[in-house]
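*Asks:* structure, please.
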Amino acid sequence: LSVVVVNCRSIKNKVADFHHMILKTEADIIIGTESWLSDEIHDGEVFPKSYTIYRKDRIARTGGGVFIAVTDNISSRAEIFPDSDLESVWCSIKCSAKRFFICAYYRPPDSSLYSVLELDSQIRRFTSQNNCNNVLIGGDFNVPSIDWGTYCFKSGGKDKELCDTLLNTFYSHSLIQLVSTPTRGNNILDLLATNIPECVVKVETVAGISDHKAVHGKFHIVPDRKSKSKRKIYSFHKADFERLKLNLATSFAKFKADTCNLGANYAWNFFINIARKAVDETIPSKLKCTNVEPRWYNANVRRSLKR
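*Replies:* As a prediction, this is how the structure comes out:
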């Protein structure tokens, strides 16, 4: 399993760089912070279409925002905390009989102790459940005063109570912090932590899309993957167009009678059903596996990205 943690500082202005990073790391899961997105921006404007997106945007303020992107061929679902205003979002993926819980978390530099206490509460919801306690948390924690080599507060650091509370949270949930090299300046701000460190293959910092390095982790985790989706391909050269026209003409009278006094949405859905039925009856088709990668992303491009 390939996981990337990235601080974006406005992803909508860096879509090309973001997509390039995904291709280069072959990421299955992307944990993002400071997306700076709003409900006016659709997923399709930013994220590759081959990923399922879980996001939490800031409301009524600019900046912030977190997201998790999970490749479509991994079975995933959202895990909801409806009453929390914490800048975090959760999802889970299925691994054999267990679920593996994933969190994207952002702690603004000026946030209070509440941010860490609420994160602890959210983690506890999953680690307290039998057989469902595998957790991976990534994001921008903004705690430069913690020495992650010794798991201690740095002498002369700031926010000692907050740092000690975060360390206690990691201890109480058996979370191991995996990032050992700086992600911004000389500080480790972007973290990746899990309570199953035995599954870690490699964690390193790589080029990001902001003034932060991204974190790339590889894990010996085998998620349940969906079979390739299939789409229907019509053989129009074999179509019976005369019969198609006759079917549509016959159905049109019923369409007018059944929708004349109903709303536009109902009429549109009624029309779509009629058209699809007529097409399926008169045009031969076959199912074909969908290729989730763009056509230009071939073996030569893949090799070049790895150099």
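
*Asks:* so what touches stretch 69-83?
*Replies:* Stretch 69-83 is contacted by residues 27-30, 32, 47-48, 50-54, 88, 90-94, 101-102, 122, 126, 223-226, 228-229, 292 when judged by C-beta atoms under 8 Å, 6 or more residues apart in numbering. Every C-beta, even on glycine, is put in place using the N, C-alpha and C of the backbone.

*Asks:* wait, is residue 68 part of a strand?
*Replies:* Yes. Secondary structure assignment (DSSP: H, G, I helix; E, B strand; the rest coil) places residue 68 inside a strand.

*Asks:* tell me the contacts of it?
*Replies:* Residue 68 sits in contact with 29-32, 53-55, 89-91, 102-104, where contact means C-beta under 8 Å, 6+ apart.

*Asks:* buried among the contacts of stretch 69-83? Need that as a selection in PyMOL.
*Replies:* Restricted to buried positions by 16 or more other C-beta atoms under 10 Å, the PyMOL selection for the contacts of stretch 69-83 reads:
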select buried, resi 27+28+29+30+32+47+48+51+52+53+54+88+90+91+92+93+101+102+122+126+223
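
*Asks:* take the contacts of stretch 69-83 and keep only those in strands.
*Replies:* Counting by DSSP state E, the part of those found in strands is 29-30, 32, 51-54, 88, 90-94, 101-102.

*Asks:* and those, which is closest to residue 252?
*Replies:* The closest of these to residue 252 turns out to be residue 52 (C-beta to C-beta; 38.7 Å).

*Asks:* so who does that closest one touch?
*Replies:* Under the criterion of C-beta under 8 Å, 6+ apart, the neighbours of residue 52 are 69, 70, 71, 72, 76.

*Asks:* beta partners for it?
*Replies:* Beta-bridge partners recorded for residue 52 (DSSP bridges): residue 70.

*Asks:* rewinding a little: now rank the contacts of residue 52 by neighbours and give me the top one.
*Replies:* For these, neighbours were counted using other C-beta atoms under 10 Å, and residue 69 has the most, 28 neighbours in all.

*Asks:* per-residue confidence at the most centrally placed residue in the chain?
*Replies:* Within the chain, the residue whose C-alpha comes closest to the C-alpha centroid is residue 69; the distance, by C-alpha atoms, centre = their mean, is 1.4 Å. Predicted confidence (pLDDT) for residue 69: 98.

*Asks:* from residue 138, how far out is it?
*Replies:* Distance of residue 69 to residue 138, given as C-beta to C-beta, to the nearest Å: 12 Å.

*Asks:* do the same with residue 165
*Replies:* For residue 165, the distance to residue 138 under the criterion C-beta to C-beta works out to 19 Å.

*Asks:* which of those two has more neighbours?
*Replies:* When neighbours are counted by other C-beta under 10 Å, residue 165 and residue 138 differ, and residue 138 comes out ahead with 29 against 17.
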